[in-house]
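> mind looking at a prediction? Sequence and model below.
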Amino acid sequence: MKIEIWSDVMCPFCYIGKRNFETALSQFADKDHIEVEWKSFQLDPDIPEVPNESYEQYLVKRKGLSLEQVQGMLANVTESAKQVGLEYNFDTSVMVNSRKAHQLIQFAKSKNLGDAAEERLFKAFFTEGKSIADIATLTQLGIEIGLDETEIQEAFTDDRYSHYATQDIQEARQIGVNGVPFFVVDRKYAISGAQPSVAFLETLEKSFAEWRTLNPENKLEIIEGQSCTTDGTCE
């Protein structure tokens with residue numbers, strides 16, 4: 001059963017939502033039958049690639065709140081992150097455009113490393129204060145999760161990975177995604193926001209029971225005989 005997750009690596013609730021979803025998935029008996037695909041989403045595609053303001057300054061300008069209100073809001077988010085084992089350092093977060101980060105994620109997905117890319121980029125942005133628009137930084141992060149350096153460089157010049165990100169963003173609009181994280185389960189159910197793990201688990205159990213009804217597991221009664229296996233053993 002497939003679960004698609006629209007996310008932006010600059011979204012603090014996306015990282016928290018990822019942890020809560022992972023907690024639910026670890027408790028789900030049929031987790032081996034779940035396929036997870038990360039989808040690109042940009043909360044603000046107009047942010048420049050070169051940083052020119054802090055996280056606090058950005059929110060003050062965008063939300064029209066006072067500095068004190070923004071600081072209180074970020075303190076609450078930091079505490080929520082701490083509750084699920086995450087460390088947020090908003091004072092060092094580098095506010096830059098996330099487009100190149102999504103190109104890296106799209107390339108990582110082609111190597112079955114989409115989840116690893118999301119995780120590494122979240123930590124780089126929220127904990128380590130790294131620029132997720134800097135190609136040298138992104139290349140190093142990609143190498144850390146097992147991607148080839150030369151292929152990473154090519155991914156930033158190959159239009160298809162940018163195109164894949166655009167496709168995800170357009171698809172999000174088509175299905176009515178206005179904010180992230182946004183989880184789509186078997187194209188039947190949707191979970192919006194960083195819900196508690198129990199909410200994810202309940203939806204997993206409900207949707208998987210329905211999916212299994214339509215996709216029964218075939219268990220064959222096997223009569224053993226002499227045969228050859230893929231490891232070259234014949235007996």
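That came in fine, so what should we check first?

> quick check: Ser7 vs Leu204, distance?
Relative to Leu204, Ser7 is positioned 18 Å away (C-beta to C-beta, to the nearest Å). C-beta: built from backbone N, CA, C; applies to glycine.

> ok, now Gly72?
From Gly72 across to Leu204, the span is 34 Å (C-beta to C-beta).

> flag every buried residue along the least confident helix or strand in the chain by mean pLDDT.
Least confident element among the helices and strands of the chain, by mean pLDDT, DSSP states H and E: helix 55-63 (a mean of 94). For helix 55-63, burial by neighbour count (16 or more other C-beta atoms under 10 Å) applies to Tyr55, Glu56, Tyr58, Leu59, Val60.

> likewise stretch 98-118?
98-109, 113-118.

> likewise for stretch 35-50?
Using 16+ other C-beta under 10 Å as the test for burial, stretch 35-50 gives Val36, Trp38, Lys39, Ser40, Phe41, Gln42, Ile47.

> tell me which two in those residues are the farthest apart.
Across the buried residues of stretch 35-50, the longest distance by C-beta to C-beta is 27.0 Å; it joins Val36 and Ile47.

> residue contacts, Ile145?
Contact analysis of Ile145 by C-beta atoms under 8 Å, 6 or more residues apart in numbering lists Ala108, Leu113, Ala116, Ala117, Arg120.

> would JSON lines of those residues with distance to Trp211, secondary structure and pLDDT be doable?
Below are the contacts of Ile145 laid out as JSON lines (distance: C-beta to C-beta, whole Å; DSSP: H, G, I helix; E, B strand; the rest coil; pLDDT from 0 to 100):
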{"residue": "Ala108", "distance to Trp211": "26", "secondary structure": "helix", "pLDDT": "98"}
{"residue": "Leu113", "distance to Trp211": "26", "secondary structure": "coil", "pLDDT": "98"}
{"residue": "Ala116", "distance to Trp211": "26", "secondary structure": "helix", "pLDDT": "98"}
{"residue": "Ala117", "distance to Trp211": "27", "secondary structure": "helix", "pLDDT": "98"}
{"residue": "Arg120", "distance to Trp211": "30", "secondary structure": "helix", "pLDDT": "98"}
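
> of all the residues you listed, which comes closest to Leu25?
Ala116 (15.4 Å).

> okay, the residue nearest to the closest one when sequence neighbours are not counted and Leu121: tell me how far apart.
Closest residue to Ala116 apart from its sequence neighbours, by C-beta to C-beta, 6 or more residues apart in numbering: Ile145 at 4.2 Å. Shown here: Ile145 relative to Leu121, a distance of 10 Å by C-beta to C-beta.

> cool, Leu141 as well?
Leu141 sits 7 Å away from Leu121 when distances are taken as C-beta to C-beta.

> tell me, what's touching these two both at once?
With contacts defined as C-beta under 8 Å, 6+ apart, the residues shared by Leu141 and Leu121 are Leu104.

> neighbour count for these two, which is higher?
Legend: neighbour count by other C-beta atoms under 10 Å for Leu141 and Leu121, higher for Leu121 (27 against 24).

> let's see the helix or strand where the more buried one lies as PDB, backbone CA atoms only.
If you go by DSSP states H and E, Leu121 is part of helix 114-126. Output in PDB follows, covering the C-alpha atoms of helix 114-126 (Å, rounded to 0.1, in the frame of the first residue of the first chain):
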ATOM      1  CA  GLY A 114      14.300   9.600  -0.800                       C
ATOM      2  CA  ASP A 115      13.700   9.100   2.900                       C
ATOM      3  CA  ALA A 116      17.400   9.400   3.800                       C
ATOM      4  CA  ALA A 117      17.600  12.600   1.800                       C
ATOM      5  CA  GLU A 118      14.600  14.100   3.600                       C
ATOM      6  CA  GLU A 119      16.000  13.200   6.900                       C
ATOM      7  CA  ARG A 120      19.500  14.600   6.200                       C
ATOM      8  CA  LEU A 121      18.100  17.800   4.800                       C
ATOM      9  CA  PHE A 122      15.800  18.400   7.700                       C
ATOM     10  CA  LYS A 123      18.700  18.000  10.200                       C
ATOM     11  CA  ALA A 124      20.900  20.200   8.100                       C
ATOM     12  CA  PHE A 125      18.400  23.000   8.000                       C
ATOM     13  CA  PHE A 126      16.900  22.900  11.500                       C
END
